[in-house]
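> coords below, sequence missing:
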Ligand SMILES: NC(=O)C1=CN([C@@H]2O[C@H](COP(=O)(O)OP(=O)(O)OC[C@H]3O[C@@H](n4cnc5c(N)ncnc54)[C@H](O)[C@@H]3O)[C@@H](O)[C@H]2O)[C@@H](O)CC1
Ligand SMILES: Nc1ncnc2c1ncn2[C@@H]1O[C@H](COP(=O)(O)OP(=O)(O)O)[C@@H](O)[C@H]1O
Ligand SMILES: [K+]
């Protein structure tokens, strides 16, 4: 699914009106009717008070349509107009007149904080104050109104986007945003719903299809693409009947140092589970027995050093390389990385301490093989690209990095983002149970294993991040959030493949 910017949505709106020969008011009626249906299905005529707060633009217009339809259906509705400006939109005014035809309880005009109503915890609050047209942070009494609503335990439903939140630019005042319990968003979700600083304001949402022009939606390059099950299904490659282990490559995992050989075991196991044909794991000598015991399927090659990596040397050409998990930051390891980057042409996943070493030794940046995949968590990312002002600045910095060094970057976390040049993919699978040591090592193994099987670097990232999260969701369903360990994610990769094409509801939160 695509995420569009506010500007693109206004463009889609305009094209829709032309193509479908409808008026703005007709489109607004569709939007309001969709919200009404959502309510009606759930409330089924219940008499709970519904307090609809309408702004003076088209978001307010949506609120007025909803109010009219609810009143006509016999609901207990109180409509407020948050009258912060005289610049009422044409469609707002149109619907303001219409609502007067269905009730003698005209909308209550609010002009300052003396007009704030008392709200019972059982009431329902509908936020139709501002939508995607917000052009500056809310202030004055409107900000106070938002805080008044936030202070109430009543259920808060936002129309299109919580008021005060910008759909695709940075938030400046987090005390001036409605904390919605649920959001009904039109046509496509907004980027702000997925980013760490702003997702808290829209913790759950439904997308309402208001029939915007299909051609525009299909042919326009979006701000970002959300990867859910249908997209992942399209990326999966079927196995060949006459395949043999060589068909799926011989991957090389370069990992581990004294006390961190587990990182090598975890990555190696994940590389196998996702489907690599063969894996050789290159580790310091001290890890030899551990690796052979924990992943007997792997071949093991060792460094001349006992406790860290100093010179990476294998006698085959790897189909893919995953490097960095638990390697530590010894000076000799920097040299080992330099010669690895110079001498090996295999597609590469660069993770953990390999990323930290690149940050500390910028000369390594110039040697990064083209189309390599870097998989930093936020700490590693900050060392790599420097501090960012906000989530959007972070994305811009990573895009620049990706373009300059011709690499792909996976920013790990909730809704991991894969950035390839100026293209963004947001992952929908995964859950907080995956915030556990070794979870990242298993991801680098997964991506390496996909590269090894011949998936291209972009597909390996996007599909790999999805499958890793999906396996984590299945693990959580078996044992709950707290108990999941990295090996549980790996042990569910097989189930994730099997469930990929199954019609089943057992996967996690946002697939
Ligand atoms: N194509 C679409 O996506 C559709 C959008 N519709 C609705 O239209 C909304 C957008 O409507 P508008 O463009 O009228 O914008 P809004 O309703 O979000 O904002 C209204 C007005 O508020 C003013 N304003 C902005 N920031 C302010 C601030 N901090 N303090 C005071 N005033 C401020 C702006 O000048 C703007 O005219 C969407 O969010 C959605 O709810 C729907 O009616 C149907 C179609
Ligand atoms: N709250 C969360 N929601 C979804 N995925 C998560 C969450 N927390 C962690 N993950 C995933 O788990 C992995 C953690 O990686 P990382 O921080 O490198 O762990 P480690 O270094 O311990 O191996 C990433 O793939 C990340 O996307
Ligand atoms: K709103």
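Sure, I can see it. Predicted model only: the values in this text are computed from it and were never measured. Ligands and ions are numbered 1, 2, ... in the order given.
> tell me which element the residue of the stretch 401-511 of the chain found nearest ligand 2 is part of?
As assessed by CB to the nearest ligand atom, ligand 2 sits closest to residue 440 within the stretch 401-511 of the chain, at 2.1 Å. Backbone N, C-alpha and C define where each C-beta goes, glycine included. Element membership of residue 440, judged by DSSP states H and E, is helix 439-452.
> Then residue 334?
Per DSSP H and E: residue 334 is located in helix 331-343.
> which other helices and strands contact that helix?
Other elements packing on helix 331-343 under the criterion 3 or more CB pairs under 8 Å, 6 or more residues apart in numbering; DSSP states H and E are strand 320-323, helix 352-360.
> among the ones you listed, which is the most enclosed?
A comparison of those by mean neighbour count, using mean count of other CB atoms under 10 Å, puts strand 320-323 on top with a mean of 30.
> Mind listing residues that contact stretch 34-53?
By CB atoms under 8 Å, 6 or more residues apart in numbering, the list of residues contacting stretch 34-53 from outside reads 62-67, 69-70, 73-80, 82, 117, 119-120, 122-129, 145, 149, 154, 159, 184, 186, 206, 208-210.
> ugh, wrong one, stretch 147-155
Residues from elsewhere that reach stretch 147-155, judged by CB under 8 Å, 6+ apart: 51, 53, 113, 116, 119-125, 127, 156, 175, 178-179, 181-182.
> just the buried members of the residues you listed?
Buried members of those, counted by 16 or more other CB atoms under 10 Å: 51, 53, 119, 123-125, 127, 156, 178-179, 181.
> Could you measure from residue 324 over to residue 410?
Noted for residue 324: a distance of 13 Å to residue 410, by CB to CB, to the nearest Å.
> List the residues that contact the residue of the chain most remote from its centre.
No residue in the chain sits farther from the centre than residue 104, which is 45.6 Å out by CA atoms, centre = their mean. Contact criterion CB under 8 Å, 6+ apart gives no residues in contact with residue 104.
> Would you double-check that it falls in a strand?
No. In this structure, residue 104 is coil, not part of a strand, as judged by DSSP: H, G, I helix; E, B strand; the rest coil.
> let's have the chain start at 32 instead
Sounds good: first residue 32 from here, last item residue 135.
> Contacts only, for the closest residue to residue 351 other than its chain neighbours.
Of all residues not flanking residue 351 in the chain, residue 482 sits nearest, at 3.5 Å (CB to CB, 6 or more residues apart in numbering). For residue 482, the contact set (CB under 8 Å, 6+ apart) comprises 280, 282, 350-351, 378, 380, 404, 488, 491.
> one more time with 10 Å
Residue 482 sits next to 280, 282, 302, 305, 307, 349-353, 377-380, 402, 404, 488, 490-492, 495 when contact means CB atoms under 10 Å, 6 or more residues apart in numbering.
> again, but for residue 346
By CB under 10 Å, 6+ apart, the neighbours of residue 346 are 311, 332.
> On the three-state scheme, it is what?
Three-state call for residue 346 (three-state DSSP): coil.
> any chance you could map the helices in the stretch 232-381 of the chain?
Secondary structure of the stretch 232-381 of the chain by DSSP state H, counting those that start in this stretch: the helices cover 245-250, 260-266, 292-304, 319-325, 362-374.
> Comparing those helices, which comes out most buried?
By mean neighbour count, with neighbours taken as mean count of other CB under 10 Å, helix 292-304 ranks first of those at a mean of 29.
> Could you tell me the end-to-end distance of stretch 32-41?
Stretch 32-41 has an end-to-end distance of 18 Å (CA to CA, to the nearest Å).
> and that stretch, does that touch ligand 1?
Yes. Stretch 32-41 reaches ligand 1 (CB under 6 Å from any ligand atom) through residue 40.
> from the chain's centre, how far out does that stretch sit?
Here the centre of stretch 32-41 is set off from its chain's centre by 16 Å, with CA atoms, centre = their mean, to the nearest Å.
> in it, what counts as buried?
For stretch 32-41, the neighbour count (16+ other CB under 10 Å) marks 32-37, 39-40 as buried.
> And this structure, what are its domain boundaries?
Per automatic domain parsing, the domain ranges recorded for the chain read 50-249, 263-531.
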